[in-house]
Structure formats: structure tokens, C-alpha cells
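Chemist: using only what follows, build the 3D model:
(2 chains)
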Protein chains: 2
Amino acid sequence: MDRRPPAEPGMPLDEVDTPSLIVDLDAFDANVAKMADLVSRADVRSRPHAKTHKCAVIARRQMDAGAIGVCCQKVSEAQALVDNGIDNVLISNQVVGSRKIDALVALARDARVGVCVDHPDNVDALARAAAAGDVSLNVLVEIDVGAHRCGVVPGPAAVRLASQVAEAANLHFEGLQSYQGRAQHLRTHAERQAAIGQAVAWTEETLEALDRAGLAAETVAGAGTGTFMLEAGSGVYNELQTGSYIFMDADYARNHNEDGTPFDTFAHSLFVYATVMSVPNDQIAVLDAGLKASSVDSGLPVLRDSDGGQYFGASDEHGKIDLSETNRRYALGEKVFLIPGHCDPTVNLYEDYVCIRGDTVEAIWPIVGRGAVY
Amino acid sequence: MDRRPPAEPGMPLDEVDTPSLIVDLDAFDANVAKMADLVSRADVRSRPHAKTHKCAVIARRQMDAGAIGVCCQKVSEAQALVDNGIDNVLISNQVVGSRKIDALVALARDARVGVCVDHPDNVDALARAAAAGDVSLNVLVEIDVGAHRCGVVPGPAAVRLASQVAEAANLHFEGLQSYQGRAQHLRTHAERQAAIGQAVAWTEETLEALDRAGLAAETVAGAGTGTFMLEAGSGVYNELQTGSYIFMDADYARNHNEDGTPFDTFAHSLFVYATVMSVPNDQIAVLDAGLKASSVDSGLPVLRDSDGGQYFGASDEHGKIDLSETNRRYALGEKVFLIPGHCDPTVNLYEDYVCIRGDTVEAIWPIVGRGAVY
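Modeler: Reported below is the predicted structural model:
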């Protein structure tokens, strides 16, 4: 098929084909710089999450701004980045199954590779494969600090797993993965503070138990865009895994700061660009961007223009705009910006970012990890 | 990146990498044959919707079973199929914007191409481009028969647009697009019958108005998997655009037949294959298939094994199984089948179908139209 990107550098914005994924570089650059500044003042390391962007160009920019490397969620996603020059990757997730573990071991020949564990059988499998492949893997023991997804119970179970890792010749026990994913989208600061306070307490308890067992955790990793200042100031976490801050999405914009104002530390820099393809009557306009152009798992996309009407009724390749509450009317062929409800799965729909500065395309960045679910 | 498919022909099912998109060929073949039989008995044409599968191999099989061609929703999707040998494509949608229209005209040199319209400016743009490119485009006037998305009002507005098409030298007025998308997932037969009854009435009214204006509609197109027997028996529709019947999804399985039994004319043939990657406690198991492996817009995926527990809590790369209502427990590394909530956007996440017969991989079919949103 035609895999031409929807634009070329130098093209005026209004000629960009739709639906396409736009990065506003002024906002993006400011987000990267702001996170780098906040992290450096907190005296912690930054290892941003590349599951958000799946792009080696962005990973490189984050590392140029001070990040020590990136996180990935899958081995194939890490592979795509390492193949494109990124040399320090943590799989912030369990890697289960021989084909995946073999790929992880192969990757460790080309880059500094870390992985998380939460089961003794998985530690055994990693140890055998690392030995057979003659590589060393850095291993974080994941503890469940309230997300109730993967991870062992904080305390003794984590120490047992850490001991098993430490005893394996080709595994290096690096520390703890303590990500509280559920806390990220709690709307009030007080709720987020309580959730991270609990996560910090469980992490400290586990660190003390590790210490009593003679096991040193060099790394205590976690945090996301919704809570990272809490982890950064905890005195316990030393490596932050924020992802969405580079783009921001409509759902993160529904969080509140401590004073109740909207969470606006970072600006929206990622948009779905869409064309008005039908204007059947005065009540609605129809866009060429539906479920295959913007993920709706965390709510529908929102028009950037706050007077532009309300996006509703997404179907595979259509999205409707309700015009009943606005005087705005659209011409056939007009183009609009949508703020995705959730960045990460939206990015995973596209092959390229169309990066704009003002009203001109400055660059096309390939999304090398798109579809890298393995 | 590593674009290796997750399996090779001949591989045992349990070695297939996950998450991956599985087609059960016995069920798939039976669905294709059943639709072909039902359509041939109704004395209508079949033009299945390729937005469901985006795959030239499947389009070819549908045409080998009697379909006259396929529908696509986007020009780039049609391009991917034409590039892979499919020579008869209807874009069952409006094509707006010069880059897209130029691509449509180019496509008409390689295949029999049709397109829908609902606006006079768009008819003008298509007419100019078709003349400049020296091709002929087959045009259906879309009327809104209750879906309230694209389409003109049935009756005089449709006749005006049809006249404009008929007068354009390089456009051929072929007929009406009368798709009632909202009726497809109405749960009871009575609701669907009422909705399609109304659509048929509006379509007849428009056909009569066209006839009075001396305009002949060779084609009256529409229908989906939820309602096609109603359109087929209407005496008005003569071309059916069913898509999901080849795969079925969890949402279509919630429809009822006329006697109240579950809609089971077609069998589930599409699955997301996933690995249990964490078994943190007795209450849940965690799969490696989340929002980037299965679209959740029409509900979460459902475990094929009805005693397997309930999928809940999808995040980017994780899905949890609630075990509280079942005695089933999972081993780390065990693999399971999920029935996607909605086939079309789920297919759009993957590069390949892994086609199995029993417990063996028989073929890999590329999803050539994946990401073809332009």
C-alpha cells in the first residue's frame, strides 16, 4: 500500500492530509524542557516512558534533555528503539514466554537492558536464557503498591524474589519497580497524595526488608505524569517513568492541581488533524476521524477550539460534531484539530508524526514502535 | 523494527507469539459460504465491506464466493487492495480534499471504482478531477435513512444531486447509498425491522422521485451484518455491504433473532490470542493484551472460554481477568483466546492474521490496509 506520510517538511499545514497525527513542536519542546527542569531540581533520574510515543527521535530528545534512557512496555517496542540508536531501555513490565525472552536476551547484546519480574518461574526462565546467551540482565522486582495489576506483595515476597535474582549468575538485582498506575488519573491532588503516600510507605517497608536481607536497591522506579512530583519529593523514589507529559491528552487535562485549578503544567502538543467531510445540516458536521484515528477508551477526542462544538458519535472512520451549543458552522473540506482522549493508544494507530512549527510542517518523525505488541 | 509475523505456517498454535490476531479458518470458511448462500437465494448482489478485514486475501475469497467486489471506507484502503489484485472497489463514503480525490482518480485507472457523494461542491470537485484525469467514476448519491451521519435528505435533494452527477461528463450516476448504520446493533429483531422498514420507505420515495426526473438507479446499496436479510428481502435494495459476518464480534453476538435467541447465523472466527503474564493472586490473572491489542469502543473483549473468568481493567498493554466468579485458575505463560468487542478497529491494530486450522497455523495473511486512514 501507499505508505507515504501525509505530509512533507516545508508543506503548509492546510495541505497536510487527514486524519493525521500532529505534534506542535513549540508546545512539545516546552514540555520536554519543563520536565527536565523539574526532574533536575528534584535530584532524581528521569527514564521517560516510550510507550507513549514509540519514536526514536523523541527518545533521543528526552535523553539529550537529561534522561538516562527510556522505558518500554514490550520487547518488540524496545527492539524498535534500539534498532534506531537508543542504547538504554527498561522493559517496565514482565516478559513471559520463550520467544519474547530470547528476543530480550538478543537485545541485551546491543543495549543496556532492564526488565521487571513478579514470579519465581519467570526469574528462572530469564536466568537460564541470560546464561545461555551470555548476557547480563538488570532486574527490578515489581511490587504492587496499589495498582492491583502485576507485582508481588510488598515486604517478604519481594525479598524472596530479589534474593532469587541476586543469586542468578546472569541477572543483576537492580531494585524495585513501584508504579502506582491507578493514582495517575485521580482527579484531586489530595487523592493522588494519599495514593502515592501509601505507595511510598509500602516501598519503604520493602526497602527496609531488603536491607535486612543484605540486598541493596540501587533503583526505585515508578511515577507517571499525574503524580511524579510526589514521587520525586518522596526521598524514596529515584527514577521517574513519566510518559504522557510530552503530549498531554484530554483525560490528563481533567486532573486538578492542589489549588483546584486544572492541571496545566504541560501543554497539549499532540493532535489529530481531521477534515470536515460532510455538512448534512445545521446541527452536525462530520469529520473523517473516527475510531481508527483516535482511541476512545478514556473518552472521546475534544475539539481544540473550545467554541468548535462537541465531538460525539465516533464510528470506524467518522466522528460527528454537535453544533447545537455553538454558533460555529463548518465549510466542507475545512480542517480541525482534535485533542485525543488518550495519547498512547492513539499514537499506536499511526505510522508518522507530522511535526509543525506554527503553520508549517518542520519534520516527519516515524513511529517505529507502532504495533510492537510482542 | 522487527516486522516478523508472530507465527509461521506449520507452527503449533501454542508457539504463536502474543498478542496476535487469530482467524479460525473452519469458522471463517463457514461464514463466507453461509453469506454467499443467503445472498444468492435472495437474488441480490454482494459487495462485502473490506473495512472489516483490510486484507486482499479475504477480499479475493469473498469474490470467489460470488461477491462482485468490495467496499472500502477510505481511498488509501482501496489503494492497498487494488495494489494487491482486487479490481472492483466502492468507496462507500465521501472523498473530500484534493489529495484524496487525486488518489481516487489515479485508482480508477487500475480498477472499477465507485464513490459516494452528499454535497454539490464535492460533485464538482470529483467531476473536474475525473475529467482532468480522463477517467470515469461511478457515483452513488448517499441518502440519510436514519443513521444521521452523512447523506442528503431522501427525496428532492437527492434528485438534485443525482442530476448534477448525471450531467457531469466523467461521472456516472449509478444509484443510491442507503446504509442504515444505526440499525445494525439494535438488539431485537422488531427494532431492526422497524428501522429498516423506514429506510426502505425513504429509499423507495427517492427512487420514485428519481424515476420522475428520468434518472435510473441501477444500484441501491446498503445493509450490514445485523440487518442484511431485511434489505435483501425488501425488493428495493440490490447490493449488500455486509462486513462483520466473516468474523463476528462480541457486540454483534448481543443481537437477538426474531424468536429472541442469540444472533448466531455466523460464528466467531476472529480472536485475540493472549498470554497470562502475571498471576499475582487468586483473584486475578493478567494478560499481555490491553488497549493496543483489542479495541474497547463497543465493550471489552470476552474470553472464549465461558468459564474462564471475566476480562476487565484494560490498560495500554495489560488486561486483567477477574477470577472471583469462576474456579478456573491460570498458570504463568498459559495462552487464551479473546473475542474482540469490535472487530474492525481491532483488526486495524495488527499487521497480520495468523490463520489456524485446528491447532496448527495454516497461513499468514497480511492486513495490507492497516492504518490506511487517508
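Chemist: what is the helix ranked longest in chain A packed up against?
Modeler: The longest helix of chain A (DSSP state H) is helix A:189-212. Contact analysis of helix A:189-212 by 3 or more C-beta pairs under 8 Å, 6 or more residues apart in numbering or on different chains; DSSP states H and E lists helix A:156-167, strand A:171-177, strand A:219-222, helix A:228-232 as its packing neighbours. Just so you know, the C-beta spots here come from the backbone N, C-alpha and C atoms, and that holds for glycine as well.
Chemist: JSON lines for the ones you listed, including mean pLDDT and mean neighbour count?
Modeler: Output for the helices and strands packed on helix A:189-212, formatted as JSON lines (pLDDT from 0 to 100; neighbours: other C-beta atoms under 10 Å in any protein chain shown):
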{"stretch": "helix A:156-167", "mean pLDDT": "98", "mean neighbour count": "19"}
{"stretch": "strand A:171-177", "mean pLDDT": "98", "mean neighbour count": "24"}
{"stretch": "strand A:219-222", "mean pLDDT": "98", "mean neighbour count": "25"}
{"stretch": "helix A:228-232", "mean pLDDT": "97", "mean neighbour count": "23"}
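Chemist: and B:V115, which of the ones you listed is closest to it?
Modeler: Among the helices and strands packed on helix A:189-212, helix A:228-232 comes nearest to B:V115, with 49.1 Å by C-beta to C-beta.
Chemist: what comes into contact with the next helix or strand after that closest one?
Modeler: Next helix or strand after helix A:228-232 toward the C-terminus (DSSP states H and E): strand A:239-240. Applying C-beta atoms under 8 Å, 6 or more residues apart in numbering or on different chains, the contact partners of strand A:239-240 are A:39, A:44-48, A:68, A:219-223, A:228, A:231-232.
Chemist: what's the most distant pair in those residues?
Modeler: The farthest-apart pair in those, when distances are taken by C-beta to C-beta, is A:P48 and A:V220, at 16.7 Å.
Chemist: just the helices in chain A please.
Modeler: A:25-42, A:56-64, A:75-82, A:98-107, A:120-133, A:156-167, A:189-212, A:228-232, A:343-347.
Chemist: tell me what the nearest residue to A:A331 once chain neighbours are set aside is bridged to.
Modeler: Among residues not flanking A:A331 along the chain, A:V276 sits closest, at 6.9 Å (C-beta to C-beta, 6 or more residues apart in numbering or on different chains). In this structure, A:V276 bridges to A:L287 when assessed by DSSP bridges.
Chemist: what sits against A:V276?
Modeler: Contacts of A:V276 (C-beta under 8 Å, 6+ apart): A:A285, A:V286, A:L287, A:Y330, A:A331, A:L332, A:G333, A:E334, A:K335, A:V336, B:V96.
Chemist: buried residues in stretch A:336-347?
Modeler: A:V336, A:F337, A:L338, A:I339, A:P340, A:G341, A:H342, A:C343, A:D344, A:P345, A:T346, A:V347 (16 or more other C-beta atoms under 10 Å in any protein chain shown).
Chemist: what mean pLDDT does it have?
Modeler: The pLDDT scores in stretch A:336-347 average 97.
Chemist: please apply the same query to stretch A:134-150.
Modeler: 97.
Chemist: could you do stretch A:59-71 as well?
Modeler: 98.
Chemist: first-to-last residue distance for it?
Modeler: End-to-end distance for stretch A:59-71: 10 Å, by C-alpha to C-alpha, to the nearest Å.
Chemist: contacts for that stretch next, please.
Modeler: A:32-33, A:35-36, A:39-40, A:45-51, A:53, A:81, A:85-92, A:112, A:239, A:241, A:243, A:246.
Chemist: do that again at 7 Å, thanks
Modeler: The contact list for stretch A:59-71 (C-beta atoms under 7 Å, 6 or more residues apart in numbering or on different chains) reads A:32-33, A:36, A:39-40, A:45-50, A:81, A:85-86, A:88-90, A:92, A:112, A:241.
Chemist: same check, this time on stretch A:109-125
Modeler: Residues contacting stretch A:109-125 (C-beta under 7 Å, 6+ apart): A:69, A:82, A:87-96, A:101, A:104, A:107, A:126, A:135, A:137-142, A:150-152, A:161, A:164-165, A:168, A:174, A:177, B:278-280, B:332.
Chemist: which among these end up buried?
Modeler: Counted by 16+ other C-beta under 10 Å, the contacts of stretch A:109-125 give A:69, A:82, A:88-96, A:101, A:104, A:107, A:126, A:135, A:137-142, A:150-152, A:161, A:164-165, A:168, A:174, A:177, B:278-280, B:332 as buried.
Chemist: which residues does A:A250 contact?
Modeler: A:A250 neighbours (C-beta under 7 Å, 6+ apart): A:G299, A:P301, A:V302, A:I339, A:P340, A:G341.
Chemist: and the furthest pair within those residues?
Modeler: Farthest pair in these, by C-beta to C-beta: A:G299 and A:I339, 10.2 Å.
Chemist: circling back to that earlier point, flag every buried residue along the longest helix of chain A.
Modeler: A:189, A:192, A:195-196, A:199-200, A:202-204, A:206-207, A:209-210.
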